[in-house]
Each structure stands twice: as C-alpha cells, then as structure tokens.
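[1] sequence below, structure please.
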Amino acid sequence: MKKLFYATLVLAALLAVTAGTAFAGSALELRSVGNNQGGPTFVFRVTGEFSDSELTGFVQVQGGDDFPLYCSQTSPTEVVCHASKKVGGHDVVVGFGGARFWTYVKEFTPRSYCLSVYDWNFPPPFTQWEFQGTNCSEEAPSAGDSIGFLSPNFGFTPYTYYPGGSTEGFGGATWTPAGPGYYYP
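    You can find the predicted model right below:
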C-alpha cells in the first residue's frame, strides 16, 4: 500500500510540474526591433500569461556586455521590452520567454524635419512668394504650428506651417510650393 501511495504522490508531483510549465508564458517570435529616442524596443509574439517575475530578459551585445530587458505584457499575445541605449548599432542576442533571438539593433539617429520658409518678394510691390530660408526641428510640425524665423528681408517674423497646396496672397497672387509642407506668414 505504501508503494502505491508513493507512486501516486510522485505521479501527481510530475503532473503538477508539467502542467505548471505548460501554462507559463513563452515567446514564440520576435516581431519587431526598433530604436528611437526612448531607446531600443523589442516586440515579441507570445503565448500564455507572464508573471511580473517572468517579464525580464537580457540583451547580449556581440563581443560585449549583457543588458537587462524591462518588459510588460500589452495583450495576451504580445510583450514589449525595452533595453539600454548602449545596445544600439550592434548585433545582439535577445533572451526572453525561454527563447533566444539573434538580430541587429539599428543605431538611433535623431530625425530632422527641415522645411522651407517663404515670404513676399522684396522690395515691393509684393507679387510673388520668395524663399527666405530653411527651418529644421526634431519633431514633425502640425498644420497651424508657428515659428519665429529671422527673414533676410523682413527681420524676425512669425511664420505658420501649412502642410501643402496653394497659397493665395494680396491681389490674388497664387503660389504652389514644392515639397510636403512649408512656412509662410
């Protein structure tokens, strides 16, 4: 009877261990790798729920250091992880959810949005738009955004961003700028 009891106990323990690991979360695929101003981001397709203690991983730079991953489960099938900015520009091994992935993390380069600034021709009479210079910013402008710009003809002047199309000025003068957007008074 003791042997039957111990055998049942061992089988129950083995069943509990295998069932427990079957329902734990695991990574199936590395969906995307990005690197922006916030740092490298890894998006994994997963199955199962991850506990807080399981939402960690690592990034190992080829021939270099290891860095931790800080992760959160954003849906039942997705986990998003962030790593140190130091992994940018390197081939890496990413470990998460019981899987390893080899990938390249591009180096972060700040984006610059440079747009033309136009004003009336100088000297008067004002009959057409004239290029005044270029304004660059790290963020994409939205319609109606204003900047202060030092115009060679009119000094420091406020200009408004327009996403494209034609502009109409004094006396019905129409001008269609080249490019996706521009600033004018």
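[2] where do the strands sit along this structure?
    26-36, 39-47, 56-61, 66-75, 78-82, 90-96, 99-105, 113-120, 129-137, 146-151, 155-162, 167-168, 174-175, 182-184 (DSSP state E).
[3] check this protein and tell me which residue is nearest its centre.
    Asn36 (4.8 Å; CA atoms, centre = their mean).
[4] angles on the backbone of the nearest residue to that residue once chain neighbours are set aside, please.
    Of all residues not flanking Asn36 in the chain, Phe108 sits nearest, at 6.5 Å (CB to CB, 6 or more residues apart in numbering). For the C-beta atoms, the positions are set from N, CA and C on the backbone; glycine is no exception. With angles defined as degrees, to the nearest 10, Phe108 sits at phi -80, psi 130.
[5] would you mind measuring from Phe108 to Val59?
    15 Å (CB to CB, to the nearest Å).
[6] kindly report the same for Tyr183.
    The value you get for Tyr183 to Val59, if CB to CB is used, is 41 Å.
[7] now do the same contact list for Phe122.
    Glu130, Asn153, Phe154 (CB atoms under 8 Å, 6 or more residues apart in numbering).
[8] just checking, the first one touches Asn121?
    Spelled out, it's Glu130. Yes. The pair Glu130 / Asn121 is scored as a contact, 4.4 Å apart, by CB atoms under 8 Å.
[9] where does this structure have low pLDDT?
    1-24, 164-182, 184-185 (pLDDT under 70).
[10] name the nearest residue to Phe126, sequence neighbours excluded.
    Trp120 is the one closest to Phe126 (CB to CB, 6+ apart), at 3.9 Å.
[11] near that neighbour, how many residues? Count them for me, please.
    Applying other CB atoms under 10 Å, we find 21 residues neighbouring Trp120.
[12] repeat for Val80
    Quick note: Val80 (other CB under 10 Å) scores 17 neighbours.
[13] what sits against Thr56?
    Counting by CB under 8 Å, 6+ apart, the residues that Thr56 touches are Pro68, Leu69, Tyr70, Cys71.
[14] what is the most widely separated pair among those residues?
    Every pair in the contacts of Thr56 was compared (CB to CB); the two farthest apart turn out to be Pro68 and Cys71, at 9.6 Å.
[15] give me the common contacts of those two.
    Thr56, Gly57.
[16] which of these two has more neighbours?
    Shown here are Pro68 and Cys71; by other CB under 10 Å, Cys71 has more neighbours (22 against 13).
[17] from what I can see Asp67 touches Lys85, true?
    No, residue 67 isn't Asp; it's Phe. No. The criterion here is CB under 8 Å, and Phe67 misses it with Lys85 at 9.6 Å.
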